[in-house]
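Undergrad: turn this into a model:
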Amino acid sequence: MPEGHETRWTSFENPTGAKGTAAQVNKGAKGSAFGRIMAGDSCVLLSQQGPGIINRIWLTVSKRNPKMLRALRIKFYWDNSVVPAVDVPLGDFFGNPLSRTSRFENCFFSNPEKRSFNCSIPMPYRTGAKVVFVNTSDEDLTHLFYDINFTKLPEWDSEMSYFHAVWREDKSTKLGVDYTVLPQLSGKGRFLGVSLGIFANKAYETTWWGEGEIKFYIDGDKEFPTLSGTGVEDYIGTAWGQGEYSHRYQGCPIANADSCWWSMYRFHVQDPIYFHHDIRVTLQQIGGAPYQKVLELYKAKVPLVPVTIDRSGKLKFYRLLDEDSDLHITDKDFPPGFVNFYRQDHVTSTAYFYLDRPAV
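TA: As a prediction, the model looks like this:
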């Protein structure tokens with residue numbers, strides 16, 4: 001057993017996490033299992049001084065509809081900073097980027113029966129930690145249950161870094177402009193992973209939306225990245241489309257083609273992404289469909305820009321954005337094949353990462 005490490009929990013039964021002070025009311029018979037968070041109010045779930053590490057967070061709320069999961073927020077502050085390292089909607093933070101719960105389990109998050117939220121990302125702090133739950137909605141939350149499991153440490157380990165998360169949303173991406181998963185930030189750290197949600201634009205009917213490549217610009221990259229994927233479903237470990245699955249480091253808990261909703265995640269545990277000076281992460285919004293369907297959409301004035309044609313049967317591949325390409329989709333001699341094209345969709349994401357300082 002490590003010397004000087006002390007196990008503590010905070011909950012409404014012991015808000016301070018102090019030794020020997022839990023479950024005091026109602027003679028210890030479940031007297032403070034939950035709290036009520038009124039509209040516009042907030043509640044401190046954890047406030048600690050000195051070095052430590054949060055090991056696990058569990059919570060549940062009485063209202064879990066999409067409106068509330070976006071209006072409820074969770075904030076993390078490290079080392080008495082007034083700027084939060086995390087300020088993310090509750091559903092999004094816990095791996096529900098569509099603000100709709102689903103059953104899933106991965107290495108860091110889980111939701112066993114669509115009613116609870118679990119996180120096991122290690123979150124060390126040097127001089128202090130505060131976790132705040134905020135109800136930004138116009139509705140009272142009658143029940144919040146939670147516990148935060150943490151360890152008080154005798155000292156800070158110089159190899160530790162601070163946990164951060166950034167939530168972003170673009171309700172209509174721009175043609176040919178990459179969606180920003182993680183804005184440019186400076187420092188030394190590790191990109192841990194991403195939770196990503198797609199509300200596919202129904203104007204594109206049933207065409208595939210996930211041909212875009214994720215790109216990591218690290219340590220001075222400007223126009224071109226050092227790391228690039230080959231498609232959304234490739235990035236999360238599947239291929240040739242995307243169904244529902246939940247694996248340890250990658251998964252797609254929601255794949256609803258009828259509603260055009262997809263929820264997915266990827267965590268870089270076995271394949272760490274380190275940065276020493278800076279990082280920026282983007283995702284292209286590119287779809288794909290057979291030529292005749294793309295032409296039909298184009299003539300219907302659905303916004304799109306063709307970028308490639310794959311004629312696999314003829315072993316031909318055309319790059320339409322090269323300077324020497326003069327092909328246009330309405331040309332009579334436009335090669336029939338599978339066409340990838342820029343498109344516009346509703347994208348939302350939470351990026352998780354470690355950084356060498358408590359606030360960005």
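
Undergrad: these two touch, right, Glu213 and Pro225?
TA: No - using CB atoms under 8 Å, Glu213 makes no contact with Pro225, being 9.1 Å away. Where you see a C-beta, it was placed from the backbone N, CA and C, and this is true even at glycine.

Undergrad: name every strand pairing with the least confident helix or strand in the chain by mean pLDDT and say which way it goes.
TA: The helix or strand with the lowest mean pLDDT-type score in the chain, counting by mean pLDDT, DSSP states H and E, is strand 316-319 (a mean of 94). Strand 316-319 sits in its sheet next to strand 305-311 (antiparallel), going by DSSP bridges.

Undergrad: for stretch 232-249, buried residues please.
TA: Buried residues in stretch 232-249, counted by 16 or more other CB atoms under 10 Å: 232-236, 238, 242, 244, 246-247, 249.

Undergrad: now do the end-to-end distance for that stretch.
TA: Start-to-end span of stretch 232-249 (CA to CA, to the nearest Å) is 15 Å.

Undergrad: do the same with stretch 299-315
TA: So stretch 299-315: terminal residues 28 Å apart, CA to CA.

Undergrad: how far is that stretch from where the chain is centred?
TA: How far stretch 299-315 lies from its chain's middle: 30 Å, per CA atoms, centre = their mean, to the nearest Å.

Undergrad: now do that stretch: everything it contacts.
TA: If you take CB atoms under 8 Å, 6 or more residues apart in numbering as the criterion, stretch 299-315 is touched by 175-176, 203-204, 286-287, 291, 294, 297-298, 316-321, 327, 329-330, 334-344.

Undergrad: then stretch 351-360?
TA: The list of residues contacting stretch 351-360 from outside it, by CB under 8 Å, 6+ apart, reads 77-79, 81, 83-85, 108, 121, 125-126, 161-166, 168, 181-182, 185, 187-195, 267, 279, 281.

Undergrad: now do the buried residues in that stretch.
TA: Neighbour-count burial for stretch 351-360 [16+ other CB under 10 Å]: 351-355, 357-358, 360.

Undergrad: mind checking which of the residues you listed land in strands?
TA: Taking DSSP state E as the definition of strands, these contribute 351-355.

Undergrad: from what I can see Gly193 touches His268, true?
TA: Yes - under the criterion of CB under 8 Å, Gly193 makes contact with His268 at 5.5 Å.

Undergrad: quick one, which of these two is more surrounded?
TA: Counted by other CB atoms under 10 Å, Gly193 and His268 do not tie: Gly193 has more neighbours, with 24 against 18.

Undergrad: pairing partners for the nearest residue to Pro84 once chain neighbours are set aside in the sheet, please.
TA: Among residues not flanking Pro84 along the chain, Lys75 sits closest, at 4.4 Å (CB to CB, 6 or more residues apart in numbering). Lys75 has the following beta-bridge partners by DSSP bridges: Asp87, Val132.

Undergrad: who are the contact partners of Lys75?
TA: Counted by CB under 8 Å, 6+ apart, Lys75 has contacts 84, 86-87, 131-134.

Undergrad: how about CSV for these, with distance to Ile57 added?
TA: As requested, those are exported to CSV (distance: CB to CB, whole Å):
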residue, distance to Ile57
Pro84, 15
Val86, 11
Asp87, 15
Val131, 8
Val132, 13
Phe133, 11
Val134, 15
